[in-house]
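> sequence first, then the predicted structure, then my questions.
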Amino acid sequence: MTETFFETLRRENGANWSAAVTHRFVRELLDGSIPDAVMAGYLVQDHRFLDAFLTLLGAAIASADRFESRLVLGRFVGLVSGEENDYFLRAFEALGVSAGDRAAIPDAAATTGFKAIMREAAASGSYAAALAVLNVAEGLYLDWAMRARDPLPENFVHAEWIRLHDNPQFREFVAFLRAELDRVGPAAADRARDFFGRAVALEVAFFDAACQSAEAAVSP
Ligand SMILES: Cc1ncc(CN)c(N)n1
C-alpha cells in the first residue's frame, strides 16, 4: 500500500517521533509516577504553548481553502479555549502554582522555539505550514496518549491530561488534520516537510526540558 503524505513525513522523522512518544516524561505521566515538580514545570511552560497554539489555529482557519475545514477548526478552538484552559487552571491550583509563580518563571528554550515556529507558520499564510505543525502537535500527543493503560492514574492532573489527548472527539480531529495535510500538503511539500521536522524535534526538546528543569531544581 502506498503511504500517505503524513505517513511519509512521520517516517522521515521516525527517530524523533518515537523519542517523544516514549519519552521518560510520557512514561512517568502514564504510570502516574511523575513528580509534582516536573508536572508543574511542564504545565507552566505548556500553558504558554497554548497561547501561540491558538494563534496558529486562528491562522489555519484564515488560510483554509474551504468552509467545512474552517468549521472543524473553529469547533476545536472552542474546546482548547474552554475545557483545556480550564484544566490548566485547576491543575495549577491543585499543584500549588500561583499566578505570581507562573509569571516569575521564564520561558524554557523549547517553549521559545515552539512559540516562534507557531508564529512563523501562522505568519506564512500557508495552510499547509499550519497543518504540518498542527499534525505534529496533535498527532504525536494522540500517539503517546493511546499508550495509556486502564485504569488511568488516580490523580486528575495526570488522568485528565491523558484523556484530553485520547478521546473520540480528539481522535476524530487528528484524523481530520491528517486528511487535510494529505490533501493540501503535497502541493507545498518542501515547506510542509520543513515545518513538520522542526516541530517534531521541538516536541522532544519540550519533554527534555521538563525533565531537566526538575533535575536542576533538586540538585544541590
Ligand atoms: C508542547 C505541546 N505539544 C502538543 C500539545 C498538544 N496540544 C501540547 N499541549 N504541548
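Yes, it's here. The shown structure was predicted, so the numbers you read here are calculated from the model rather than taken from an experiment. Numbering: from 1, shown residues only.
> where's the nearest residue to Glu28 once chain neighbours are set aside relative to the ligand, distance?
Computed as CB to CB, 6 or more residues apart in numbering, the closest residue to Glu28 that is not its neighbour in sequence is Ile34, at 3.9 Å. C-betas here are computed from N, CA, C, even on glycine. According to CB to the nearest ligand atom, to the nearest Å, Ile34 stands 15 Å off from the ligand.
> my read is that Ile34 contacts His23, right?
No. With contacts defined as CB atoms under 8 Å, Ile34 does not count as touching His23, sitting 11.2 Å away.
> compare those two (neighbour count), which wins?
Taking neighbours as other CB atoms under 10 Å, Ile34 and His23 compare with Ile34 leading, 24 against 19.
> and the helix or strand in which Leu89 is found, what does it pack against?
Secondary-structure assignment from DSSP states H and E places Leu89 in helix 85-95. For helix 85-95, the elements it packs on are helix 36-63, helix 156-164, judged by 3 or more CB pairs under 8 Å, 6 or more residues apart in numbering; DSSP states H and E.
> now Asp166: closest residue in space, sequence neighbours ignored.
On the basis of CB to CB, 6+ apart, the spatially nearest residue to Asp166 that is not a chain neighbour turns out to be Ala145, at 3.7 Å.
> pull the contacting residues for the one you found.
For Ala145, the contact set (CB atoms under 8 Å, 6 or more residues apart in numbering) comprises Ile162, Arg163, His165, Asp166.
> repeat that for Val26.
Contacts of Val26 (CB under 8 Å, 6+ apart): Ala20, Trp144, Arg147, Phe207.
> cool, and Val133?
Residues near Val133 by CB under 8 Å, 6+ apart: Leu56, Ile117, Met118, Ala121, Phe195, Phe196, Ala199.
> what residues does this structure have near the ligand?
For the chain, the residues in contact with the ligand (CB under 6 Å from any ligand atom) are Asp46, Phe49, Phe114, Ala137, Glu138, Tyr141, Glu203, Phe206.
> Met39: how many residues sit nearby?
By the other CB under 10 Å criterion, the neighbourhood of Met39 contains 23 residues.
> ok, and the closest non-adjacent residue to it?
What sits nearest to Met39 in space, not counting adjacent residues and going by CB to CB, 6+ apart, is Val157, at 6.0 Å.
> who's in contact with Val204?
Val204 touches Asn16, Ala19, Ala20, His23, counting by CB under 8 Å, 6+ apart.
> can you tell me how far it sits from the ligand?
Here the distance between Val204 and the ligand works out to 10 Å (CB to the nearest ligand atom).
> try Leu181
16 Å.
> so for the lowest-mean-pLDDT helix or strand in the chain, what gets flagged as buried?
The element with the least model confidence among the helices and strands of the chain, by mean pLDDT, DSSP states H and E, is helix 189-218, at a mean of 90. Along helix 189-218, these residues count as buried under the neighbour rule (16 or more other CB atoms under 10 Å): 191-193, 195-211, 213-214.
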